[in-house]
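Novice: Got a sequence here, can you build the structure:
(chains A, B and C)
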Amino acid sequence: MRVFLCVLGRDITLAMRRRTDVLTTLFFFIIVVSLFPLGVGTEKQTLKILGPGVVWVAALLASMLALERLFAADYEDGTLEQMLLSTQPPAVLVLAKVTAHWLLTGLPLVIIAPLVGLQYQLPGNAQWIMMVSLLVGTPVLSLIGAIGAALTLGLRGGGILLSLLILPLYIPVLVYGAGAVTVSMIDLADTQPYLSLLGAFLLLALTLSPLATGAALRIALE
Amino acid sequence: MKIHWFRYSSPATFYDLAGRLIPWFAALALVLTLAGLYWGFFETPDRLGGTNPQKEYYRIIFLHVPAAWLSMWLYLVLAAWSAVGLIFNTRLSYMMAVATAPSGAIFTFIALWTGSFWGRTSWGTWWDWDPRLTSELILLFLYIGYMALHSAIDDTRRADRSAALLALVGLICVPIIFWSINCPDPNQCAALHQRSGLDRVDPNILWAMLVTTLGLWSYSFAAIFARVRGVILSREADTQWVRDLVATEAAP
Amino acid sequence: MSAFFSQGGYAFFVWSSYAVGLALLVAEVLLLRRERRTILQRLGRLARLRNPPPSSAPAATSAASRPASPSLDVASPDVGGK
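Specialist: Numbers count the residues shown, from 1 in each chain, chains lettered A, B, ... in the order given. Alright, predicted model coming up:
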């Protein structure tokens, strides 16, 4: 537990020193979300239908952008190797780094969500559901993304390759996350199975992803 | 007689075995596929029958369904060889995985293309986000991801193992992905198979489909064995047996 | 027979599906054959570079003076480097 907090604190401190990185991700999300109405038309009904999907896709892309930095900096200066050589199980280290990543990229999205909801004319209930779905879903994105980041560590063309590998795996989260918000606009009670599924994904990802990421890191650092 | 189970896990011996098996599989593939197609085109009624009103164009089924089944089967094979490679650390399993991927991708593409044409005639549109076609599209992405990751890494050992891990992660995600596409609304998810009206269909059709599937399956053996022989030659280039082989076979 | 070709008027769809399928499978076979030929040629060149055949001494010197290594000529998916 101490190790977890230690790595978590370290990652957040380092990220805070380069605050622009964190903010860039957030602004990317905001810009993408703002671009769609300009392209598709600003009619209220269209926006309401598009809103959930667009917000979720933008969240996927923003989360993915930040993933390259998850391990890259530590890999380049050798810290990652040292971390893996230590007696701590790699899963703990991975979990700590992923938590830091989520706190810095996923959580801001959750907080910004109501503003975006306003842009897309989403009713009050839908806004809440959007926040909840993002709250449960973005950690899953970070966890799955970590596997991809570990696999593509240090490769040239890493960013695009990472997207290619990870986006198919993101699909279930996208389907149910956006679906939850869409359904909430029709009948709030119907969102419960969606959120349960997202919760199930979160649990599954929490158990399996650190193991897979640890294995991928070992392979990459041999 | 003692069976040496691991005799063929050496690239050298497997190279020979594969070489001898390829002609048989190729012949079998040709015979079965042609037989299946003949059966499908000439011995079947002109309508799909049963509850399904489809006309002659349903005959695309004899290529589409086998291709789709093979695309999924070959992904399982890919994941299996990846698992064997990661667990037992055998070179040949990685080579088989690398050889399987392109064949799987080609079948996936064929399934998508024929599915699209079939859709155009029966639904009226080239692409409809039908759960099964969409799943095939995702499967294509998974294959391409595997091949892209493998070719992006220069170190062969790291490439093999990373791609193998990716294949296994993909395998775990595949049921979830397919299910989420099939069932985007969990509130009303009774029917998981939304368009399978294949009951009460003329058995000739099903048999022809099965025979064509066996034929294409045989073809996949032949193609993958041929590809893996190439991979073996490239990777084992520094060994004596390859040098001897090259000396005898390669005409200057 | 003409019924076979016209497939109830859906000839375009049925036959182009099969044509594309066949084309891809045939292309796969041809690519595999070409790949094998390329690998054998490349390995042959490498072998001759390392051990020039004794009868062709002038060829040996010219082979030795060839600047680039053959492995750069042909793109191959799996040159087991390490």
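Novice: going forward, measure contacts between C-alpha atoms and count neighbours the same way
Specialist: Fine.
Novice: and stretch B:78-96, which residues are buried?
Specialist: B:78-86, B:91-96 (16 or more other CA atoms under 10 Å in any protein chain shown).
Novice: List the contacts of A:Leu211.
Specialist: Neighbouring residues of A:Leu211 by CA atoms under 8 Å, 6 or more residues apart in numbering or on different chains: A:90-91.
Novice: and the gap between it and A:Val92?
Specialist: Going from A:Leu211 to A:Val92 by CA to CA, to the nearest Å gives 9 Å.
Novice: cool, B:Gly36 as well?
Specialist: Look at B:Gly36 and A:Val92: by CA to CA, they are 55 Å apart.
Novice: out of those two, which sits in the busier spot?
Specialist: Higher neighbour count among B:Gly36 and A:Val92: B:Gly36, with 23 against 18, using other CA atoms under 10 Å in any protein chain shown.
Novice: Show me how far the helix or strand the more buried one falls within is from its chain's centre.
Specialist: Using DSSP states H and E, B:Gly36 sits in helix B:11-42. Taking CA atoms, centre = their mean, to the nearest Å, one finds the center of helix B:11-42 at 15 Å from the center of the full chain.
Novice: what's the closest non-adjacent residue to B:Leu137?
Specialist: What sits nearest to B:Leu137 in space, not counting adjacent residues and going by CA to CA, 6 or more residues apart in numbering or on different chains, is B:Leu112, at 7.0 Å.
Novice: give me every residue that touches the closest residue to chain C within chain A.
Specialist: Ranked by CA to the nearest CA, the top residue of chain A for proximity to chain C is A:Glu222, at 12.8 Å. By CA under 8 Å, 6+ apart, the contact set of A:Glu222 is B:Arg158.
Novice: which residues touch stretch B:106-117?
Specialist: Contact with stretch B:106-117 is made by B:60, B:63-65, B:67-68, B:70-71, B:125-127, B:133, B:136-137, B:139-140, C:13-14, C:17-18, C:20-21, C:24-25, as judged by CA under 8 Å, 6+ apart.
Novice: Which entries within the residues you listed meet the buried criterion?
Specialist: Those of those that meet the buried threshold are B:60, B:63-65, B:67-68, B:70-71, B:127, B:133, B:136-137, B:139-140, C:13-14, C:17-18, C:21, C:24-25, by 16+ other CA under 10 Å.
Novice: Average pLDDT for stretch B:132-143, rounded please.
Specialist: Mean pLDDT, stretch B:132-143: 91.
Novice: An error on my part: the question was meant for stretch A:4-21.
Specialist: The average of the pLDDT scores along stretch A:4-21 is 87.
Novice: same question, stretch B:14-27
Specialist: Mean predicted lDDT for stretch B:14-27 stands at 91.
Novice: next one: stretch A:123-132
Specialist: Averaging pLDDT along stretch A:123-132 yields 89.
Novice: Flag every buried residue along it.
Specialist: For stretch A:123-132, the neighbour count (16+ other CA under 10 Å) marks A:126-132 as buried.
Novice: How confident was the prediction at B:Ile232?
Specialist: We have a pLDDT of 92 for B:Ile232.
Novice: excluding its backbone neighbours, what's nearest it?
Specialist: Nearest one to B:Ile232, counting by CA to CA, 6+ apart, is B:Pro11 at 6.4 Å.
Novice: host element of A:Val57?
Specialist: Per DSSP H and E, A:Val57 falls inside helix A:44-76.
Novice: Give me the helices and strands touching that helix, please.
Specialist: Where contact means 3 or more CA pairs under 8 Å, 6 or more residues apart in numbering or on different chains; DSSP states H and E, helix A:44-76 is packed against helix A:19-40, helix A:79-85, helix A:90-101, helix A:107-119, helix A:124-151, helix A:158-184.
Novice: Let me know the distance separating A:Leu141 from B:Val84.
Specialist: Separation of A:Leu141 from B:Val84 (CA to CA): 29 Å.
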